[in-house]
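Undergrad: Structure of the sequence below:
(one chain, ligands or ions: 1)
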Amino acid sequence: MPDTATLPAADPLAADASLPDNAVEIEHLEKTYRAAGKSAPLHALSDVSLTIPRGCVFGLLGPNGAGKSTMINIMAGLVTKTGGTVRIWGNDIDKATRQARASIGVVPQELNIDPFFTPYEMLELQAGLYGVPPRERRTREILGILGLADKAEAYTRTLSGGMRRRLMVAKAMVHNPPVLVLDEPTAGVDIELRQQLWGRVRELNRLGTTILLTTHYLEEAEELCDTIAIINRGKVIACDPTETLVRRLDNKELQLVVARPLAEVPAPLAAFEPELAAPDRLVFRYRTSASPVGRILAAAQEAGLEIVDLRTVETDLEDIFLQLTRGAHDDEH
Ligand SMILES: Nc1ncnc2c1ncn2[C@@H]1O[C@H](COP(=O)(O)OP(=O)(O)OP(=O)(O)O)[C@@H](O)[C@H]1O
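TA: Residues are numbered from 1 along each chain as shown. Coordinates of the predicted model:
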């Protein structure tokens, strides 16, 4: 268990030169699972390099079997890598193993809760396992942040599914790690509970914890994360600030067919930056959330255009995600 004397400072947003700029640095990470029986060796991660800046909420997105859990488990010291380097809070997992482990808290996918303990007892026990001395424990504070203060003495078996999930997050926070990893936190959780959990995660981030979240859901990553990396078949196929990535992905189209041919885009419509795809056809691309259609039509009227046909084309985020991942497969073949 980590030595508490090496526990990192808890406020990663503070302007302190002793804090690392990056919470996690992964360079050329490789993982090959050895052949078992007749099966061939499996390359779960190939040359993965990622930087997670201090203080951000970073999303790792990918389909089943992409390599997300393998990556997290390597970071947490549960799986041995085949090659490359990983630094957590500036600590190389090979050279400063204890400090690296003390710097990270992992919330696993499965709910792993002993029904006979109260949340308070469970966190105290976990803090003891991490060697956190009683005077340094923040059990009540952590329960408060996760909205469980009034459940501190309840039997865990009486907690709702959403509360249990929040308790798992609390459990991962007992040693005050500056980096918190959530592995598929909302798989199988309904929308309302998802929103509650997201709120708590945002609060932890606001208080200074760097968050790494794995998810299948673009919507979840889009809502929570500053930066999103997409991983497929062990390779990073995209890594961009969320806004950039979503702009790349979220390309709804409105096509206007007009009665008289146009030589150029009429001035009232210029602000929407349409493409004059043909003399009688204007194509507008925009974010679904921006919902500019009403304004475009008003501007078209102002420009005196006679619209003879109107069509919208929607590309679902999931479709584009599939396109991106399919592209990665094509590269391989
Ligand atoms: N212990 C293991 N031995 C052999 N192969 C493994 C082992 N663990 C994972 N794999 C394989 O490595 C690949 C990556 O798996 P991993 O669990 O990291 O993916 P994932 O992106 O986390 O998927 P999921 O979302 O389903 O958890 C998969 O093909 C998986 O079958």
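Undergrad: how about the strands of the stretch 1-150 of the chain, start to end?
TA: 22-33, 42-53, 57-61, 83-88, 91-92, 104-107 (DSSP state E, counting those that start in this stretch).
Undergrad: Neighbouring strands - and their directions - for the fifth one?
TA: Within its sheet, strand 91-92 is paired with strand 83-88 (antiparallel), according to DSSP bridges.
Undergrad: which residues are contacting the strand it pairs with?
TA: In this structure, residues lying in contact with strand 83-88 by C-beta atoms under 8 Å, 6 or more residues apart in numbering are 20, 22-30, 47-49, 74-75, 92-94, 100, 103-104, 179. Heads up, the C-betas are built off the backbone N, CA and C, glycines and all.
Undergrad: tell me the mean pLDDT over that strand?
TA: Here strand 83-88 scores 97 as its mean pLDDT.
Undergrad: Now do that strand and strand 42-53, the angle between them.
TA: 40 degrees (axes from the mean of the first three to the mean of the last three C-alpha atoms, to 10 degrees).
Undergrad: State the distance spanning the first to the last residue of stretch 31-47.
TA: Stretch 31-47 has its terminal residues 9 Å apart, counting by C-alpha to C-alpha, to the nearest Å.
Undergrad: now stretch 242-260
TA: Length of stretch 242-260, first residue to last, C-alpha to C-alpha: 40 Å.
Undergrad: Check stretch 56-72 too.
TA: Stretch 56-72 has an end-to-end distance of 17 Å (C-alpha to C-alpha).
Undergrad: That one near the ligand anywhere?
TA: Yes: using C-beta under 6 Å from any ligand atom, stretch 56-72 reaches the ligand at 62, 64, 65, 66, 67, 68, 69, 70.
Undergrad: What subset of the contacts of strand 83-88 is buried?
TA: Among the contacts of strand 83-88, those classed as buried by 16 or more other C-beta atoms under 10 Å are 20, 22-26, 29-30, 48, 74-75, 93, 100, 103-104, 179.
Undergrad: and of these, the nearest to the ligand?
TA: residue 74 (9.5 Å; C-beta to the nearest ligand atom).
Undergrad: That closest one and residue 33 touch, don't they?
TA: No: using C-beta atoms under 8 Å, residue 74 is not in contact with residue 33; the gap is 11.9 Å.
Undergrad: what residues does the chain put near the ligand?
TA: Counting by C-beta under 6 Å from any ligand atom, the chain sits next to the ligand at 33, 42, 44, 62, 64, 65, 66, 67, 68, 69, 70.
Undergrad: let's see 5 Å
TA: Proximity of the chain to the ligand (C-beta under 5 Å from any ligand atom) is limited to residues 33, 42, 44, 64, 65, 66, 67, 68, 69, 70.
Undergrad: Please pick the buried ones from those.
TA: 44, 66, 67, 68, 69, 70.
Undergrad: List the contacts of the second one.
TA: What it means is residue 66. 231, 232, 233, 234.
Undergrad: what do you get for the third one?
TA: Residues in contact with residue 67 (C-beta under 8 Å, 6+ apart) are 31, 44, 45, 48, 231, 233, 234.
Undergrad: ok, so of these, who is nearest the ligand?
TA: For the contacts of residue 67, the nearest to the ligand is residue 44 (3.6 Å; C-beta to the nearest ligand atom).
Undergrad: Surely the closest one touches residue 32?
TA: Yes: under the criterion of C-beta under 8 Å, residue 44 makes contact with residue 32 at 7.0 Å.
Undergrad: these two touch, right, residue 50 and residue 22?
TA: No: using C-beta under 8 Å, residue 50 is not in contact with residue 22; the gap is 9.8 Å.
Undergrad: quick one: pLDDT of residue 15?
TA: At residue 15, the model reports a pLDDT of 54.
Undergrad: And the one 3 residues further on, by the same measure?
TA: In the prediction, the pLDDT value recorded for residue 18 is 77.
Undergrad: Likewise for the one 4 residues further on?
TA: According to the per-residue confidence, residue 22 scores 95 in pLDDT.
Undergrad: In the sheet, which residues pair with it? Tell me.
TA: Checking residue 22 by DSSP bridges, which sets the bridge assignment, gives partners residue 53.
Undergrad: So it sits against residue 51, correct?
TA: Yes: Residue 22 lies in contact with residue 51 (C-beta under 8 Å); the separation is 5.2 Å.
Undergrad: What sits closest to residue 60 if chain neighbours are left out?
TA: residue 214 (4.6 Å; C-beta to C-beta, 6 or more residues apart in numbering).
Undergrad: Kindly state the pLDDT recorded for the closest residue to residue 235 other than its chain neighbours?
TA: Spatial nearest neighbour of residue 235, chain neighbours left out: residue 46 (5.4 Å); criterion: C-beta to C-beta, 6+ apart. pLDDT, residue 46: 95.
Undergrad: If anything else comes up later, I'll come back, but that's it for now.
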